[in-house]
Structure formats: C-alpha cells, structure tokens
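Sequence plus predicted model, see below.
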Amino acid sequence: MARPMGPVRLRKTNYVTLTIGAALCLFILYFLVQNGSDAAASSSNSPNTNPPPLRKPAVSKSKLIGERPPVRRFNLNNVTITPDPIENQEVVLILTPMARFYQEYWDNLLNLDYPHELISLGFILPKNKEGNAATAALQAQVSKVQKGTLKNRFRSVVIERQDFESPIMSQDEGERHKMENQKARRSSMSRARNSLLFTTLGAETSWVLWLDADIVETPSSLIQDLAAHDKPLIVPNCYQRYTDPETGKPAERPYDFNSWQDSPTAQEIASKMDPDDIILEGYREMATYRSLMAYMADQEDERDIEVPLDGVGGTALLVKADVHRDGAMFPPFPFYNLIETEGFAKMAKRLGWSATGLPNYKVYHYNE
C-alpha cells in the first residue's frame, strides 16, 4: 500500500550567487577578446617581424652517446695457414721482447723479403733505464720506416712497456745466464711474452714469429723457409759468430740450448723434483743428457732436414697462430718442471701440437 508523501519544499533562488557567476563569465569573455585583438594588432603593425623560431626536435639519446662502433665479424675458418704464405697473402705477426736495441737486429728485420704489408710488429720493453733507451731508439727507427716508402712500411706496429719490474736489473750476458737467476728471469720473460701475445694476436693473423732482439743475422727468406715445412712449431738452430782466439779467424759456436729431445735421465730428474722446481739445460750442475739440437748441425746434410723436438728455444720460433689460439702460452710457473719456451713446447704438445727443429738452418745471435 503506497504511503502518502509529505509536503514538498522548494529552495529559494539565491540571487547573490547568480550575480557573481554572471560577472565572472563576463570577465573571462573580455579577457579572451582583448588578447585576440592585441595579437592581431601586433601582427599588422610589424610586417617584417621574423616568425617565431621552430622548435628543434629533441636530440636522441644515441646522439648524445656518440656513434657506436660497427660490429665486425670474423670467420676464423677463412684464415689460411699454408706452406705458401705469400701466395695466400697470410699475415705474419713478428713479436720481440726487447731489453736492448741493436741496430743489427733492426737492419736484419728490414731485410726480410716477406711483403711488409703482411707483417705486423709487436715489441715489449722493461720499465728501467735500459728499457727507456731501447724504447727511444726503437721509436725513432719505427717512425723513420713508417713515414718512408710504402714498400718498406709494415702493416702495423705496437710498442708496449711492461707493467711489472724486471727481477734482474743488469742485462749483461754473464749475469742473466747465471743458474741461480734462471727461474726468476725466465718467469719474467714468460710474463712479457704472454702480455705481448695476448694484446697483439689478431683475428687475421696466420703465423707468429718470435724473434729475439739480439738475433742479428738470418736468411732474408726466413719466414717463407720456415713456413714451407708446414709445422705447428718450428725452430732453426741459433749460433753465434766470434773470432777464434787461437787462430784469429772467424768461427761460430752453438748458442741456444733450449731446443732438445728429452732423455730418460731428464725424466728421472723431473720425477724426483718438487713441482715448483725447474729443469735447466746447458749447465754442468744439472746434467740431463738430452739430445741438444745445437750439436746436431751437420754441414754435409741439407739445410731443410727436420728433427722432432720436445723443447724449443725462442730466439727464432715460428708458430701457427692456431696453436696460440688453442691456449698454448709461455708458462711463467713450473709446468711439468719446465718454464717459458720449453714449457710452451710441453703445453703445445699436451694440446696435440708437435715441435720440429731444423739443425742445419742457422740464425745468429749478437756477440757481446
């Protein structure tokens, strides 16, 4: 049943509120009309006034960062390593740890007849007085060649300074070959070699030639001759020219004794050694009875005769770049009781790469 509604009350109109609202509307209309007329008058009175500048588009974030370097792609399967590197335009990286600068070394380097546009050079020098002098002399020669004729310019040149101190301050031959200095000295040499290798080995490199700074005489065809054997690691025999004091005539003698074939005696010595000790070659105090390539030279045999090796020296050592890419480096620590270049040969062998020597192919060391 519907309930009856009570009386309805109507609110009285508030005339004050209506008056204020009307006044406010009139004020807004006046303001809008006035602004429009001022803008029109300004435009008609100033016909030559430049139009307002266009707003520049916002600068993208990438422009503020700068141009990003392009992405470079390399297919290492396309990097050839063949017995005919010149024909196949293969890049050779020549690496030299250098404590002293010998002009004869540099002249011999320039004499190599491998195309210089396919040769990259890398040097590392110690942070000491002799290293400073060697760096200055080297930079002067590099600048001279790289500013010279295109034929003589090298593909690239990198000069580095060691970021660690040398354990032996003197580079005199007698001091650096003392038996008690060998572990520290060769550990430091390993670090220098590795630093140089890791910072210079490029994706386009086919061969790495380790050439000591005191190698002053090689055949001009050194690179092609060694590469022609198509071996992962190959080392020539390092000799030294001198004047025989008894006859007064020019003579030569073996210099590098780090290229060898292992012996049962050396293996027995190693089996009794502490893991942190190293076997050294060429010292009476440690007779290993290894077969040394230094004494295998035979003038009657052909120059390219090959012998298998278990240890190699680094005076002149050609390595296929893939050996280094696989991880073979110069251990600065005892590795199977071997260190530096001899440890490198052992590490390469563990990775499946064998070493070869050329006893009748000679390079010559500076005679101090």
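It's in. Numbers count the residues shown, from 1 in each chain.

use CA for all of it now, contacts and neighbours both
OK.

Can you get me a residue count around residue 368?
Neighbourhood size, residue 368 [other CA atoms under 10 Å]: 9.

start at 7 instead
Noted, 7 is the first residue going forward, which turns the last one into residue 374.

I'd say residue 305 and residue 368 touch.
No: Residue 305 lies out of contact with residue 368 (CA atoms under 8 Å); the separation is 11.0 Å.

Counting neighbours, go ahead and name the busier of these two.
More crowded of residue 305 and residue 368, by other CA under 10 Å: residue 368, with 22 against 9.

Could you find the closest non-adjacent residue to that one?
Distance criterion CA to CA, 6 or more residues apart in numbering; nearest residue to residue 368, sequence neighbours excluded, is residue 243 at 4.8 Å.

mind checking the SS state of that neighbour?
For residue 243, the assignment made with DSSP: H, G, I helix; E, B strand; the rest coil gives strand.

Tell me, please, the helix or strand in this protein that averages the lowest pLDDT.
Within the chain, no helix or strand scores below helix 67-71, which has a mean of 55 by mean pLDDT, DSSP states H and E.

okay, and for this structure, where does confidence drop off?
For the chain, the stretches with pLDDT under 70 are 7-24, 33, 35-72, 174-183.

Which parts of it are strands?
With DSSP state E, the ranges of strands along the chain come out as 97-103, 125-131, 162-167, 211-217, 221-223, 239-249, 256-260, 266-267, 297-298, 313-315, 322-326, 361-371.

hey, which of those strands is tucked in deepest?
Counting by mean count of other CA atoms under 10 Å, strand 97-103 has the highest mean neighbour count of the strands of the chain, with a mean of 26.

relative to strand 322-326, how tilted is that strand?
Between strand 97-103 and strand 322-326, the angle comes out at 140 degrees (axes from the mean of the first three to the mean of the last three CA atoms, to 10 degrees).

Within its sheet, name the partner strands of strand 97-103 and how each one runs.
Counting by DSSP bridges, the strands paired with strand 97-103 are strand 125-131 (parallel), strand 211-217 (parallel).

closest to residue 141 out of those?
Residue 141 lies closest, by CA to CA, to one member of the strands paired with strand 97-103: strand 125-131, at 6.9 Å.

Could you pull out the helices in the protein for me?
Secondary structure of the chain, counting by DSSP state H: helices at 21-51, 67-71, 109-117, 135-152, 179-182, 188-206, 228-233, 270-277, 327-331, 346-356.

can you pull the contacts of residue 116?
residue 158 (CA atoms under 8 Å, 6 or more residues apart in numbering).

ok, now residue 195?
Contacts of residue 195 by CA under 8 Å, 6+ apart are 103, 338, 346.

Spit out the contact partners of residue 118.
225, 226, 227, 228, 229.

Quick check: closest non-adjacent residue to the fourth one.
For residue 228, the nearest residue in space outside its immediate sequence neighbours is residue 118; the separation is 7.1 Å by CA to CA, 6+ apart.
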